[in-house]
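Undergrad: Based on what follows, work out the 3D shape:
(one chain, ligands or ions: 2)
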Amino acid sequence: MKILALEQIRKCEELTIKEEDMPSVNLMERAANACAEWITKNLYQVKRFNIFCGKGNNAGDGYAIARILKAKGFYVKVFSFNPKELPPEAAKNHKRLRELGDIELLSFEKAYELKFEENSCVIDALFGMGLKGKIDDPDFIKIIDFLNGLENVHKVSLDIPSGLYINDMYPEGTAIFKADHTLSYQFWKKAFLHPESGMYCGQVHILDIGLNKNYIDEVEVEHFISDDAKINSFFRRREAFTHKGRFGKSALIAGSYGKMGAAVLSVAAALRTGSGLVYSVSVDSGYHIMQTNNPEAMFRKGGNDFIDTITITDDEYTIGIGPGLGTEPQTQEAFANFLKSYNKPLVMDADALNIIAQNHKLLKHIPEGSIITPHIGEFERLFGQFKNSFERLDEAKKLAEELKIYIVLKDHRTQIITPEGKVYYNITGNSGMAKGGSGDVLTGIITSLLAQGYTSLQAALLGVWMHGKAGDFAAEAHSKESFLPSDLIHQLGEVFKLLNK
Ligand SMILES: NC(=O)C1=CN([C@@H]2O[C@H](COP(=O)(O)OP(=O)(O)OC[C@H]3O[C@@H](n4cnc5c(N)ncnc54)[C@H](O)[C@@H]3O)[C@@H](O)[C@H]2O)[C@@H](O)CC1
Ligand SMILES: [K+]
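TA: Ligands and ions are numbered 1, 2, ... in the order given. Reported below is the predicted structural model:
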């Protein structure tokens, strides 16, 4: 699914209105109906709604929803800022509401006297995507602070929580409404996907309001959601009449004394992702651990307690390197020599990236088309600190282009960044995956997919999606708190069953 820029969404709205030859207020009605339907279906225990309207068309949505909910028999109160300042469509909806006569239209001040009943719902129609600068008007700051402080009520934002920008970092010092649910029209917005702003959005629900499909199909964007449709468009089922040679050879260069778990996990993940053969290049002191835990994988010695020799150059192998490698000087040297002589796309994580962070000149030796999978800490060690995640992403886009590599920037919503400057946000997975070892599993999965002939982009997209899906299944089975990275590997079978359906 595409993520559109503000001007593109406005254009899409205009075109929808024009092509369907309808008054613009009808589109607002559509949005309001979609929200009212979502609310009554999903917050079915709520009988009372308190709707807070600002100055723009987001307020118009609020007025329209108030009318629709009232007609369905709910108790509705509407609190407005200054209804004289509204744009035409919002003004029309305000007028319709006033003419109905049986809804209380109140000022913000009245809210401070109200007793908000448990299980009632606050709807935030203060600001939508038309907000400029920060919310620093004392009346708005006061009402937002007050609403944020309410307990035991459901909080729903229309289109976007007031105070946020749709695709950028919000300005420092602005007031922001904190929602439990955000009902976004038609599209995902970057704000929902970055930690600084995402924490205000609660659960995000994308409501189809029937915007012009042709425009959406054709418009060119840089940001996407890596959704099920995208994954299914290139996932390949395992054919019959085949043999192991057709599914690639993965080699995981990983592990050192005391860090064999990372190596075991990455190798096990590569095996469970379907690679025809999996090799482990690791240390002698971890030989028994590796062979016992992963009898299907072959072992090649790369050192005693840490890896000091990497002789694997065979073009047949697809390499994942880094988990548990350590940063001993001899390992650094072996890694540098290997990188300088190896030219096929490979997967790099963890200590491979930490070694590069200490030897920046190695960056230019990363083979084109490779996939690096840093978490935020590793990315910052490599490329420096950034003010916020939006700036970090902008820098990652430049680097991916410059180095001609794919960057998998691991976060709550992991971003897959291509050398062409495109960004795919992954939306599977959960906070239970924030544990040591999860990254090692991902390295194994992506290496295995790359070995099986998926392109670098496909391997990164599918690998991150599968990893997250396995996390969601593991959370269902064991809880987010309790599942282990090794449970992700055990859930890969369920993920493949889903993909094969
Ligand atoms: N995307 C769509 O297809 C549709 C969008 N609609 C709604 O329209 C919204 C956009 O409407 P608007 O563009 O009117 O935007 P807003 O509803 O966000 O209101 C913007 C208005 O608020 C005021 N304002 C802006 N910045 C301010 C600040 N810092 N402090 C105080 N006041 C400020 C200005 O008067 C500005 O015109 C969307 O978010 C959505 O809710 C729907 O009604 C119809 C369909
Ligand atoms: K809002």
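Undergrad: Scan this protein for its longest helix.
TA: In the chain, taking DSSP state H as the definition, the longest helix is helix 456-478.
Undergrad: Mind jotting down where the strands sit in the stretch 51-200 of the chain?
TA: 75-80, 104-107, 121-125, 154-158, 181-185 (DSSP state E, counting those that start in this stretch).
Undergrad: Dump these into TSV; add mean pLDDT as well.
TA: TSV is the format used below for the strands of the stretch 51-200 of the chain (pLDDT from 0 to 100):
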stretch	mean pLDDT
strand 75-80	96
strand 104-107	94
strand 121-125	98
strand 154-158	98
strand 181-185	98
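Undergrad: ranking those strands by burial, who's on top?
TA: Stretch with highest mean neighbour count among the strands of the stretch 51-200 of the chain: strand 121-125 (a mean of 27; mean count of other C-beta atoms under 10 Å). In this view, the C-beta of every residue, glycine as well, is placed from N, C-alpha and C.
Undergrad: List the pairing partners of that one within its sheet, with orientation.
TA: strand 48-53 (parallel), strand 154-158 (parallel) (DSSP bridges).
Undergrad: what sits opposite the residue lying closest to residue 154 once chain neighbours are set aside in the beta ladder?
TA: Distances taken as C-beta to C-beta, 6 or more residues apart in numbering put residue 121 closest to residue 154, at 4.3 Å, once the chain neighbours are dropped. Beta bridges link residue 121 to residue 49, residue 154, judged by DSSP bridges.
Undergrad: per-residue pLDDT, residue 71?
TA: With respect to pLDDT, residue 71 has a value of 96.
Undergrad: same thing with residue 428?
TA: Looking at residue 428, its pLDDT reads 97.
Undergrad: now residue 312
TA: 82.
Undergrad: So it sits against residue 318, correct?
TA: No. Applying C-beta atoms under 8 Å as the test, residue 312 and residue 318 come out as separate, 10.8 Å apart.
Undergrad: okay, the two: which has more neighbours?
TA: The neighbour count for residue 312 versus residue 318, taken as other C-beta atoms under 10 Å, is higher for residue 318 (25 against 17).
Undergrad: re earlier: can you list residues touching both of residue 312 and residue 318?
TA: By C-beta atoms under 8 Å, 6 or more residues apart in numbering, residue 312 and residue 318 have these common neighbours: residue 251.
Undergrad: which residue ranges form the helices in the stretch 301-450 of the chain?
TA: With DSSP state H, counting those that start in this stretch as the criterion, the stretch 301-450 of the chain has helices at 329-341, 350-358, 376-383, 389-403, 438-451.
Undergrad: Indicate which one of these is closest to ligand 2.
TA: helix 389-403 (20.0 Å; C-beta to the ion).
Undergrad: just to revisit the earlier point, check the helices of the stretch 301-450 of the chain for me and report the most buried one.
TA: By mean count of other C-beta under 10 Å, those have helix 438-451 as the most buried, with a mean of 30.
Undergrad: burial measure for residue 41, as a count.
TA: Going by other C-beta under 10 Å, the residues that sit close to residue 41 add up to 8.
Undergrad: So which elements touch the helix or strand where it lies?
TA: Using DSSP states H and E, residue 41 sits within helix 24-42. When contacts are defined as 3 or more C-beta pairs under 8 Å, 6 or more residues apart in numbering; DSSP states H and E, helix 24-42 sits against helix 6-19, helix 57-71, helix 88-100, strand 154-158, strand 181-185, strand 203-207.
Undergrad: does any bit of the first one sit next to ligand 1?
TA: Right, helix 6-19. Yes. Contact of helix 6-19 with ligand 1 (C-beta under 6 Å from any ligand atom) involves 9, 13.
Undergrad: Now do that helix: which elements does it pack against?
TA: Helix 6-19 packs on helix 24-42, helix 213-218, going by 3+ C-beta pairs under 8 Å, 6+ apart.
Undergrad: again, only using 6 Å
TA: Where contact means 3 or more C-beta pairs under 6 Å, 6 or more residues apart in numbering; DSSP states H and E, helix 6-19 is not packed against any helix or strand.
Undergrad: Give me the buried positions along that helix.
TA: 8, 9, 12, 13, 16, 17 (16 or more other C-beta atoms under 10 Å).
Undergrad: Now do it: distance to the chain's middle.
TA: 26 Å (C-alpha atoms, centre = their mean, to the nearest Å).
Undergrad: Can I get that helix as PDB, trimmed to CA atoms?
TA: Extracted C-alpha coordinates of helix 6-19, given in PDB (Å, rounded to 0.1, in the frame of the first residue of the first chain):
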ATOM      1  CA  LEU A   6      -0.200  15.700   1.900                       C
ATOM      2  CA  GLU A   7      -0.500  17.400  -1.600                       C
ATOM      3  CA  GLN A   8      -1.200  14.000  -3.100                       C
ATOM      4  CA  ILE A   9      -4.000  13.200  -0.700                       C
ATOM      5  CA  ARG A  10      -5.500  16.600  -1.400                       C
ATOM      6  CA  LYS A  11      -5.200  16.000  -5.100                       C
ATOM      7  CA  CYS A  12      -6.800  12.500  -4.700                       C
ATOM      8  CA  GLU A  13      -9.700  14.000  -2.800                       C
ATOM      9  CA  GLU A  14     -10.200  16.700  -5.400                       C
ATOM     10  CA  LEU A  15     -10.200  14.200  -8.200                       C
ATOM     11  CA  THR A  16     -12.600  11.900  -6.400                       C
ATOM     12  CA  ILE A  17     -15.100  14.700  -6.000                       C
ATOM     13  CA  LYS A  18     -14.600  15.800  -9.600                       C
ATOM     14  CA  GLU A  19     -14.800  12.400 -11.200                       C
END
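Undergrad: Go ahead and name everything in contact with it.
TA: 24, 27, 129, 166, 211, 212, 215, 219 (C-beta atoms under 6 Å, 6 or more residues apart in numbering).
Undergrad: and which of these is nearest ligand 2?
TA: residue 129 (8.9 Å).
Undergrad: Make a markdown table out of the helices and strands packed on helix 24-42 and add distance to ligand 2.
TA: Below are the helices and strands packed on helix 24-42 laid out as a markdown table (distance: least, C-beta to the ion, whole Å):
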| stretch | distance to ligand 2 |
| --- | --- |
| helix 6-19 | 15 |
| helix 57-71 | 5 |
| helix 88-100 | 13 |
| strand 154-158 | 4 |
| strand 181-185 | 8 |
| strand 203-207 | 13 |
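Undergrad: Out of these, which gets nearest to residue 302?
TA: Closest to residue 302 of the helices and strands packed on helix 24-42 is strand 203-207 (C-beta to C-beta; 45.1 Å).
Undergrad: ok, the closest one: who's next to it in the sheet?
TA: Counting by DSSP bridges, strand 203-207 is paired with strand 181-185 (parallel).
Undergrad: Skipping its backbone neighbours, what lies nearest residue 96 in space?
TA: That would be residue 67: by C-beta to C-beta, 6+ apart, it lies 6.2 Å from residue 96.
Undergrad: do residue 297 as well
TA: In space, residue 297 is closest to residue 278, 4.5 Å off (C-beta to C-beta, 6+ apart).
Undergrad: Let's verify the one you found: helix, strand, or coil?
TA: Under DSSP: H, G, I helix; E, B strand; the rest coil, residue 278 falls in the strand class.
Undergrad: confidence score at it?
TA: 97.
Undergrad: The closest residue to ligand 1 within the stretch 301-450 of the chain - nearest residue in space that isn't next to it in sequence?
TA: For the stretch 301-450 of the chain and ligand 1, the shortest gap (C-beta to the nearest ligand atom) falls at residue 390, measuring 19.0 Å. Using C-beta to C-beta, 6+ apart and skipping residues adjacent in sequence, the residue nearest residue 390 is residue 169, 4.5 Å away.
Undergrad: Roughly how far does the one you found sit from ligand 2?
TA: 18 Å (C-beta to the ion, to the nearest Å).
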